[in-house]
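Undergrad: Curious how this folds, go ahead:
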Amino acid sequence: MRKILNITKALSDENRIRALMMLQGGEMCVCNIIEMLDLAPSTVSKHMSILKQADLVETRRDGKWTYYRLSDVDSNPAATEIIQWLLSNLEKDSMVRKDKTRLNKYKSKTSTASCKNC
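TA: Just a heads-up that it's a prediction; the model follows:
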């Protein structure tokens with residue numbers, strides 16, 4: 001029951017869903033997520049913490065940078081199923097499409113492999 005409650009809590013916020021949708025394109029540094037969502041670092045950290053608690057995202061540290069990615073299919077099949085459901089139901093949403101366009105432009109301008117400018 002606790003897992004389901006954590007997942008539904010995580011999905012109850014537009015910004016958390018936007019972050020999940022952005023991560024479908026691959027791993028992102030938290031500084032990139034901050035920029036894309038245009039939110040305060042502490043707010044994004046809280047959102048990402050809730051997504052991690054729900055096992056919807058996983059993290060990787062590289063020095064002082066934290067990178068987020070969608071949960072691995074093998075480690076959490078339920079999360080993968082929920083994320084796929086979101087993707088199929090929100091692919092035509094105007095906000096999601098706008099975020100995807102912004103993210104593609106951002107990625108083409110900068111290297112997200114290393115966040116030396118954070």
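
Undergrad: Could you pull out the strands in the protein for me?
TA: 28-29, 57-62, 65-70 (DSSP state E).

Undergrad: Was I right to think Met25 contacts Leu103?
TA: Just to correct that, residue 25 is Gly rather than Met. Yes. Assessed by C-beta atoms under 8 Å, Gly25 is found in contact with Leu103 at 6.3 Å. From N, CA and C alone the C-beta is placed, and that goes for glycine too.

Undergrad: which of the two has more neighbours?
TA: Neighbour count, other C-beta atoms under 10 Å: between Gly25 and Leu103, Leu103 has more, with 21 against 13.

Undergrad: quick one: the more buried one from Ser45, how far?
TA: According to C-beta to C-beta, to the nearest Å, Leu103 and Ser45 sit 19 Å apart.

Undergrad: Could you identify the longest helix within the protein?
TA: Determined from DSSP state H, the single longest helix within the chain is helix 94-109.

Undergrad: What score does the nearest residue to Met95 once chain neighbours are set aside have for pLDDT?
TA: With C-beta to C-beta, 6 or more residues apart in numbering as the criterion, Met95 has its nearest non-adjacent residue at 6.7 Å, and that residue is Arg18. At Arg18, the pLDDT value in this model is 96.

Undergrad: show me the contacts for Arg18.
TA: Arg18 makes contacts with 37, 95-96, 99, as judged by C-beta atoms under 8 Å, 6 or more residues apart in numbering.

Undergrad: Dump stretch 34-50 to CSV, keeping only the CA atoms.
TA: The C-alpha trace of stretch 34-50 is given here as CSV (Å, rounded to 0.1, in the frame of the first residue of the first chain):
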residue,chain,number,x,y,z
ILE,A,34,16.2,23.4,-12.5
GLU,A,35,16.7,25.4,-15.6
MET,A,36,14.0,23.6,-17.6
LEU,A,37,11.4,23.8,-14.9
ASP,A,38,12.4,27.4,-14.0
LEU,A,39,12.1,26.7,-10.3
ALA,A,40,14.2,27.3,-7.3
PRO,A,41,16.9,24.7,-6.6
SER,A,42,15.3,23.8,-3.3
THR,A,43,11.9,23.3,-4.9
VAL,A,44,13.4,21.0,-7.6
SER,A,45,15.3,19.0,-5.0
LYS,A,46,12.1,18.4,-3.0
HIS,A,47,10.3,17.4,-6.2
MET,A,48,13.0,15.0,-7.2
SER,A,49,13.2,13.6,-3.7
ILE,A,50,9.5,12.7,-3.8
